[in-house]
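S.K.: Got a predicted structure here, sequence first:
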Amino acid sequence: MSEEWTQSDIPDLSGKVVVITGANSGLGLASTRALAAHGAEVIMACRSVERAEAARAEVVAEVPAATITVMQLDNARLESVRSFAEAFRARYDRLDLLLNNAGVMAVPRRLTEDGFEMQFGVNHLAHFALTGLLLDVLTRTEGSRVHATSSGAAFRASFNFDDLMGEDRYSRWEAYGQSKLANAAFATELDRRLKAAGRSTIANSSHPGLVRTNLQANSLKESGSPLLERVLYGILGPLLAQEIEMGVLPQLYASVSPDARGGVFYGPRKRRLRGYPAEQHCNEVLDDPGTLRRLWDESEQLTGIRYSF
Ligand SMILES: NC(=O)c1ccc[n+]([C@@H]2O[C@H](COP(=O)([O-])OP(=O)(O)OC[C@H]3O[C@@H](n4cnc5c(N)ncnc54)[C@H](OP(=O)(O)O)[C@@H]3O)[C@@H](O)[C@H]2O)c1
């Protein structure tokens, strides 16, 4: 890996088709701007077409040559995931990068339309379903990638397979950690299965460190703005957060650098909080094939999406 990989190291992406979920704000928007500026055709897959069109206009004003299309995708509804995949397949015959980035953090227990706990549903299950529904177009595209945006919250997280949806006991931070561990675990297992099937598509994951985006503000708003969290964000934010241009590097590196590998987790190099992207160890759970298989089986059963390699 180059010592200090930056956005100027992004290769020419002309002719490549990229889908980014949650592309209208934060890291997703930063990746939209960076990849479009390097020639990729970017499909912003967002729940609010209005917010996405406003973000698209912002990028096009900065990068007039950008080719960006907005398509509706609500991760809290499997029906929307299915409609998105169908609409995408009707319009495009290749997919070079699926950047599974959309997410919500530490929200009170709520359910998606399909009855999943919101964080597990939006952050993991919707992306599992979307990837499965687009797998044939991905594997038809030579050298394509699937990237999962995970989090440092995955480092000490675990799966509660007896109560994945937090019905018996719910902690919004534990549920966030579980959903972000699921992102990394899914990418690891997907990569293993792709390799076993002899496909050229790879899958990997990353975390950005701490970056001030709408994620924290939405979390506070939804959970009644707990004092401790407000204070922590107030102190930790200025102390630990890095600028979005740096925070987005791990997902960009993993998504497009010719040196990035499948089955690997990337993050900021310095104390896993700041700096240029580097390979990292996320959680020992990722080394346990039985757990990865179990998450996969549960995800297939819950979403009804069966993968065929
Ligand atoms: N910022 C950090 O410090 C940090 C740290 C670790 C990991 N991450 C991860 O980075 C990813 C991006 O987050 P961010 O920091 O860029 O936050 P953000 O600015 O809040 O962006 C999150 C994106 O996800 C979208 N989203 C939320 N619920 C959705 C749903 N039901 N369907 C479709 N899209 C939905 C949001 O759409 P709306 O605008 O419509 O709400 C938004 O576009 C997340 O997966 C997060 O867990 C961030």
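M.R.: Perfect, I can see it now. Residues are numbered from 1 along each chain as shown.
S.K.: Give me the outermost residue of the chain relative to its centroid.
M.R.: Each residue of the chain has a distance to the centre, and by CA atoms, centre = their mean the biggest one is for residue 227: 28.7 Å.
S.K.: and it, what does it touch?
M.R.: By CB atoms under 8 Å, 6 or more residues apart in numbering, the contact list for residue 227 is empty. Where C-beta positions appear, they are placed from N, C-alpha and C, glycine not excepted.
S.K.: Give me the distance between it and residue 220.
M.R.: To residue 220, residue 227 is 10 Å away according to CB to CB, to the nearest Å.
S.K.: now do residue 286
M.R.: Per CB to CB, residue 286 is found 30 Å from residue 220.
S.K.: More neighbours: which of those two?
M.R.: residue 286 (20 against 16; other CB atoms under 10 Å).
S.K.: how about the nearest residue to that one once chain neighbours are set aside, what does it touch?
M.R.: The shortest distance from residue 286 to any non-neighbouring residue, by CB to CB, 6 or more residues apart in numbering, is to residue 188 (5.0 Å). Residue 188 sits next to 203, 205, 263, 265, 286, 292 when contact means CB under 8 Å, 6+ apart.
S.K.: try 10 Å this time
M.R.: Residues in contact with residue 188 (CB atoms under 10 Å, 6 or more residues apart in numbering) are 148, 203-205, 262-265, 282, 285-287, 289, 292, 295.
S.K.: Am I right that it sits in a helix?
M.R.: Yes: according to DSSP: H, G, I helix; E, B strand; the rest coil, the state of residue 188 is that of a helix.
S.K.: Looking at it now. What's its pLDDT?
M.R.: Looking at residue 188, its pLDDT is 98.
S.K.: go on, residue 103?
M.R.: According to the model, residue 103 scores 98 on pLDDT.
S.K.: who's in contact with the nearest residue to it once chain neighbours are set aside?
M.R.: Of all residues not flanking residue 103 in the chain, residue 123 sits nearest, at 4.7 Å (CB to CB, 6+ apart). Shown in contact with residue 123 (CB under 10 Å, 6+ apart): 22, 75, 100-105, 148-151, 175-176, 178-180, 182-183.
S.K.: Centre of the chain to the one helix or strand residue 252 maps to, how far?
M.R.: Assessed by DSSP states H and E, residue 252 sits inside helix 249-256. Between the centre of helix 249-256 and the centre of its chain there are 11 Å (CA atoms, centre = their mean, to the nearest Å).
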